[in-house]
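> Requesting a structural model of the entry that follows:
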Amino acid sequence: MNRDGLADFLRIRRAHVTPAGVGLPAGDRRRTPGLRRQEVAQLAGMSIDYYIRLEQGRGPHPSRQILNALARALMLSQDERIHLFHLAGQAVEAPQIREDVPESLLHLISFLEEVPAYVLDARYDIRAWNPLASALMGGLESVTDENRNVIRWVFMSPDIAEHLDDEEKSRFARSSVADLRAAMGCYPDDRKLQALVAELLALSPHFAELWSRYEVEVRREQRKQVTHPAVGTIDAICQVMSVPDRDDLRLVLYTTEPGSPSHQALRDLRQLTLSS
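Predicted structure coming up:
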């Protein structure tokens, strides 16, 4: 472990992160740029004394959990994260897309009775969902695990050309491919992800064209329009939320404007699921 090198690296990186960049108020009495020590400790979920010892080159060997927390708090790039691990004397392992979904997340989506909610992994496989999401998406229970993939649904659809002519749907397709490209950078050793990309490159010229643009973008909030045979068209905001401590998972919520026809349509759909 290179204690002095680790201490210098932490101090330098802390100075390069702005409070606004991590969602903290800037305040009026900052003497130096960047974050304060106590702010880094708070963001990383550790004691201020422990973090001070690390910056002073006298702390204990930090665990992988501590290093990952510091990497997130200091907004380190992949190369910077690798360097951090090397300074701490820890072997760097490529992150993996895990197969489990935290039980707390399963409980959360089950409590969201009036909001379609599902859990998406970095491969765009739907890993868990609540009843309203299943009803909105045509019955997820009837789809096999290997075919419950959102990007495969889009680009293997016989209507893909028409899909890409629609502005909103085309934006979703482009952003999803860019997001998948970002996932390939984060999980370079994931064989299932590699197989998915190879399959789509071979079978979908539309996917191949978008993939060749080499756009990289993490998917975020977007408007979507869903037409359901029982309740009609629903205009929703598709909110994509990060899952704490699980970079390979996202929570996806479909929300509608309160009191709108789309809001009522979702309520009607929920009643149909309860009565069926």
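
> Spatially, which residue comes closest to residue 160, not counting chain neighbours?
residue 206 (5.4 Å; Cβ to Cβ, 6 or more residues apart in numbering). The C-beta positions use only the backbone N, C-alpha and C, and glycine is treated the same way.

> thought the one you found was touching residue 158?
No - the criterion here is Cβ atoms under 8 Å, and residue 206 misses it with residue 158 at 11.9 Å.

> Neighbour count: these two, which is higher?
residue 206 (17 against 7; other Cβ atoms under 10 Å).

> Return the residues in contact with the closest residue to residue 75 other than its chain neighbours.
Excluding the flanking residues, the one nearest residue 75 by Cβ to Cβ, 6+ apart is residue 17, at 5.7 Å. Shown in contact with residue 17 (Cβ atoms under 8 Å, 6 or more residues apart in numbering): 34, 35, 74, 75.

> where's residue 17 relative to residue 133, distance?
Residue 17 is 36 Å from residue 133, where distance means Cβ to Cβ, to the nearest Å.

> again with residue 8
Remark: distance between residue 8 and residue 133 (Cβ to Cβ) = 48 Å.

> who's more crowded, those two?
Legend: neighbour count by other Cβ under 10 Å for residue 8 and residue 133, higher for residue 133 (21 against 14).

> could you dump stretch 236-254 to PDB, C-alpha only?
Included here for stretch 236-254 are C-alpha records, laid out as PDB according to Å, rounded to 0.1, in the frame of the first residue of the first chain:
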ATOM      1  CA  ALA A 236     -46.000   8.800 -19.200                       C
ATOM      2  CA  ILE A 237     -42.600  10.000 -18.000                       C
ATOM      3  CA  CYS A 238     -40.200   7.100 -17.800                       C
ATOM      4  CA  GLN A 239     -38.000   7.800 -14.800                       C
ATOM      5  CA  VAL A 240     -34.800   5.800 -14.600                       C
ATOM      6  CA  MET A 241     -33.300   5.800 -11.100                       C
ATOM      7  CA  SER A 242     -30.000   4.400  -9.900                       C
ATOM      8  CA  VAL A 243     -29.900   1.700  -7.200                       C
ATOM      9  CA  PRO A 244     -27.600   2.500  -4.300                       C
ATOM     10  CA  ASP A 245     -24.600   0.100  -4.200                       C
ATOM     11  CA  ARG A 246     -25.700  -1.600  -7.300                       C
ATOM     12  CA  ASP A 247     -24.400   0.100 -10.400                       C
ATOM     13  CA  ASP A 248     -25.700  -2.800 -12.500                       C
ATOM     14  CA  LEU A 249     -29.300  -2.200 -11.700                       C
ATOM     15  CA  ARG A 250     -31.900   0.600 -12.400                       C
ATOM     16  CA  LEU A 251     -35.300   1.200 -11.100                       C
ATOM     17  CA  VAL A 252     -37.700   2.300 -13.800                       C
ATOM     18  CA  LEU A 253     -41.000   4.100 -13.000                       C
ATOM     19  CA  TYR A 254     -43.800   5.200 -15.300                       C
END
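
> I'd like the numbering to begin with 48 instead of 1 from here.
Will do, 48 is the new start, and the previous item becomes stretch 283-301.

> Show me what counts as buried in it.
Of the residues in stretch 283-301, 283, 285-287, 290, 293-301 count as buried by neighbour count, 16 or more other Cβ atoms under 10 Å.

> now swap in stretch 136-150 and tell me
By 16+ other Cβ under 10 Å, the buried positions in stretch 136-150 come out as 137, 142, 144, 148, 149.

> Which one of those residues is nearest to residue 157?
The closest of these to residue 157 turns out to be residue 148 (Cβ to Cβ; 11.9 Å).

> Could you check how far residue 308 is from residue 49?
Residue 308 is 62 Å from residue 49, by Cβ to Cβ.

> now swap in residue 318 and tell me
According to Cβ to Cβ, residue 318 stands 62 Å off from residue 49.
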